[in-house]
Every structure is written in C-alpha cells, then in structure tokens.
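> no sequence for this one, just the structure:
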C-alpha cells in the first residue's frame, strides 16, 4: 500500500497505461483504453459470498446489474452503486474493486448498475434507469436477500445521477431511500471556464441542442430541500472540489446536516485506487462506517 497518491501514480506510470481520451479518439477506442486503465488499478478482490449478474427491464431496454454479497447470513441491507467515468465509460467490471471492497467493508449487498452511456444516451436515461432498478429491488427483496430501504452511493458523474434520483423521488413523495453517499460530486453543471474534457462530458450528458443548464439535469440548480441524509467526500486536490463544497453549503443553509470529509492530497476519482493507495482505502472505510451507522440507527 502506498501512503501518497504521488507514489502510487509514479509506480503506475511505469506500466505505460494511460486513460482513454474521447476528445482525441473514437468513443469505442477510448472506452477500451479506459477499461484497460481501470483494470490496471485493480488488486486482489476481497472474498464475497456470491455475485449475481442479471438484467432489469427498463423503458430503454435491459439494464445490466451486478449484486455483490458480503460474507455472512442474510438478509442484508443494500447499497446501490452508481459509477462515475464521465457518463461515457466503465461498466460492471471496471469498478469491481470498489464494489467488492464496499460490500466487504459495509456488510451490505452492493448493487452496481451499468446505466446506458453517453453520447449514445443522454439525460434523463441514466436517472430513469437507476429509478427502474431501485423499483425492481424494492419489489423483489426476498428474492435477492435484501431488506429495508437502500442507500445510493455515487462517485463523480454517478453522484450527479444519485442526487437527481433523490430529488425525483422527493418530488414524487416517495420515501424510498435511506441516505446518499456521494464522492467528489460533479453536480453543478457545465462551466465555460472548465477544461475541455469537463465541458465535453456535460455536453454529452445533457444532449446536443439542449440548454446546458436545463431539464433538471444539474442537481445543484434544483431544489435541495427535504432530501435523505447525505455523506460527502472529496479530495483536497480535486479540481471539482467546489461542487462538493457548494452542495454541503447549500444543504447546510437549508437546515440539513450533511457530513463532509475532505481527504488531504487526493485528486478526483481516487476510489479507483483503493487497492494500492492507503488514504483512498481509508476514505472508503469511513464511508462504510457511515453506512453501517445509518442502518444501525434506523434498524
């Protein structure tokens, strides 16, 4: 285990694997390269009781889902994991290090959703698909050995989806969630001052020909009242740290009591490094502790 991100990054660079770049190569080529990069960050996965891959039928088509179970007897509480990767990359395998470690640390079933990617599919497809999987899990709890209301766990672009889902459920007066765990939010929308990649991912998510700050796709520009409990984490060196801080400040101003954990000297996307970077693993341990404490309080 490396103590600093700089040490881990220097070691990884020797492997010669860089992230994919959808701005300079065809999207499928960028995805393949990104998956190789993600695979190179994995280590030995923790033991799991079982893993179930299934499809949940949705309006846009079948949604790939993976349930990762912890060791021990069920039924278990459930955490729904929504990956980042800019809405355009990744899948069930790319984030298996995070989901399996999360299942092990939290003692919960972790349900990973392979939502449909941009640019082929734009908002609100991703939000709707999480809603569809959530509904399926709630009506098939005995089948999957789960109990109670789930927690949504989102990272980066996934935290944007998670927050939008919570807002939509709130508007529907559907008290379906136990809480939200959000790592390094990308929730404040398109910024003309941002780097080109950040602008590109928002353009693909919103969709061509649509206003960049319209259609409810930007959670921080929507109503944040009456949401479930929220636990936030972000790296001190994350270029998007302002999004997390803004979310924390707005929630606090509304009288909510969000929790915020700022991790020193970590960049955006650090959860992908939990196999080799000690501070990243400790951050996931803190999130898991928060998850356990929430479920314990409401048991």
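Received the coordinates, thanks. Just so we're clear, the structure is a prediction, and the values are computed from it rather than from any experiment.

> switch to C-alpha atoms for all contacts and neighbour counts from now on
OK.

> what are the ranges of the strands in the stretch 1-150 of the chain?
Taking DSSP state E, counting those that start in this stretch to define them, one finds strands in the stretch 1-150 of the chain at 51-58, 61-68, 78-82, 109-113.

> ok, residues contacting the third one?
Same thing as strand 78-82. 99, 108-114, 146-155, 158-159, 161-162 (CA atoms under 8 Å, 6 or more residues apart in numbering).

> contacts for the lengthiest helix in the chain?
Counting residues, the longest helix found in the chain (DSSP state H) is helix 278-297. For helix 278-297, contacts defined as CA under 8 Å, 6+ apart pick out 1-4, 77, 102, 105-107, 151, 178-179, 181, 231, 233, 263, 266, 270-271, 273-275.

> just the buried members of these?
2, 4, 77, 102, 105-107, 151, 178-179, 181, 231, 233, 263, 266, 270-271, 273-275 (16 or more other CA atoms under 10 Å).

> List only buried entries from the contacts of strand 78-82.
Buried among these by 16+ other CA under 10 Å: 99, 108-114, 146-155, 158-159, 161-162.

> Please narrow the residues you listed to those residing in helices.
Per DSSP H, the buried ones among the contacts of strand 78-82 map to helices at 99, 158, 159, 161, 162.

> Identify the residue spatially nearest to the first one, adjacent ones excluded.
Spatial nearest neighbour of residue 99, excluding adjacent residues (CA to CA, 6 or more residues apart in numbering): residue 110 at 6.3 Å.

> just the fourth one next, same as before
Distance criterion CA to CA, 6+ apart; nearest residue to residue 161, sequence neighbours excluded, is residue 127 at 5.6 Å.

> and that neighbour, what is it in contact with?
161, 162, 164, 165.

> tell me the contacts of the first one?
Residues counted as contacts of residue 161 (CA under 8 Å, 6+ apart) are 82, 126, 127, 154.

> Any chance of JSON lines for these, columns distance to residue 213?
Output for the contacts of residue 161, formatted as JSON lines (distance: CA to CA, whole Å):
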{"residue": "82", "distance to residue 213": "22"}
{"residue": "126", "distance to residue 213": "17"}
{"residue": "127", "distance to residue 213": "16"}
{"residue": "154", "distance to residue 213": "21"}
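
> Many thanks, we can stop here.
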